[in-house]
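Peer 1: Below is the structure, and that's it, no one-letter string:
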């Protein structure tokens, strides 16, 4: 019996140097193709970035980053993940500068917007990796049901519906909106 050759394990630096790295995450040295977000999920991620940036612009409490940001903060040095939206509080980055390559500290908030192509076990693995890395707050956003599942570092899990208020707590101080704002659709502009 002949065994198939093992795939070569990539290092984080080899991964970053790939010309098409944005299409993948690196999990324990293995390339994992990122699921396509889809237009609807992308719109919702943009809304969340917009809403978070309102408080960040007002308070200067940190940085809101999009899905192109790569995090290398996991127990395996050759694991690099990307959240659909993430937030880093002021005072955590060396020299208060966002690095050119990957970020080596966990975000304070990680947001995943679920698309039809997302697999449940992959989402659960990502949540586990985030919690193990020290992410303090995780929002899993479900566009089809317009609900948000909240996970925190203590293991607390809650689910909010559109009429409920989601808060950044002490992770994103001052952030508080009705969940429906994540899913708001454009409407006619009313002139006074």
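Peer 2: Now that the structure is in, tell me what you want to look at. Since the model is a prediction, treat every value here as computed from it, not as a measurement.
Peer 1: Give me the three-state assignment for residue 171.
Peer 2: coil (DSSP: H, G, I helix; E, B strand; the rest coil).
Peer 1: Could you pull up the residues touching it?
Peer 2: Counting by C-beta atoms under 8 Å, 6 or more residues apart in numbering, residue 171 touches 87, 89, 108, 109, 136, 137. C-beta here means a position set from N, CA and C on the backbone, and glycine is covered the same way.
Peer 1: what about 7 Å?
Peer 2: 108, 109, 136, 137 (C-beta atoms under 7 Å, 6 or more residues apart in numbering).
Peer 1: next one: residue 35
Peer 2: 115, 117, 118.
Peer 1: Number of residues surrounding the last one?
Peer 2: This means residue 118. 19 (other C-beta atoms under 10 Å).
Peer 1: just checking, it is part of a strand?
Peer 2: No. Note on residue 118: no strand contains this position according to three-state DSSP, which reports coil.
Peer 1: mind checking how far residue 124 is from residue 157?
Peer 2: 12 Å (C-beta to C-beta, to the nearest Å).
Peer 1: Without its sequence neighbours, what residue ends up closest to the residue at minimal distance from the centre of the chain?
Peer 2: The structure's the chain has its C-alpha centroid closest to residue 83; by C-alpha atoms, centre = their mean the separation is 2.4 Å. Spatial nearest neighbour of residue 83, chain neighbours left out: residue 110 (4.0 Å); criterion: C-beta to C-beta, 6 or more residues apart in numbering.
Peer 1: Verify the contact between the one you found and residue 135 for me.
Peer 2: Yes. Using C-beta atoms under 7 Å, residue 110 is in contact with residue 135, at 5.0 Å.
Peer 1: Which one's more surrounded, the two?
Peer 2: residue 110 (27 against 23).
Peer 1: residues contacting the more buried one?
Peer 2: With C-beta under 7 Å, 6+ apart, residue 110 has these contacts: 83, 86, 130, 135, 138.
Peer 1: Check the offset of the helix or strand harbouring it from the chain's centre.
Peer 2: Using DSSP states H and E, residue 110 sits in strand 109-113. Distance of strand 109-113 from the chain centroid (C-alpha atoms, centre = their mean, to the nearest Å) equals 3 Å.
Peer 1: Within the sheet, what are the partner strands of it, with directions?
Peer 2: strand 85-89 (antiparallel), strand 137-142 (parallel) (DSSP bridges).
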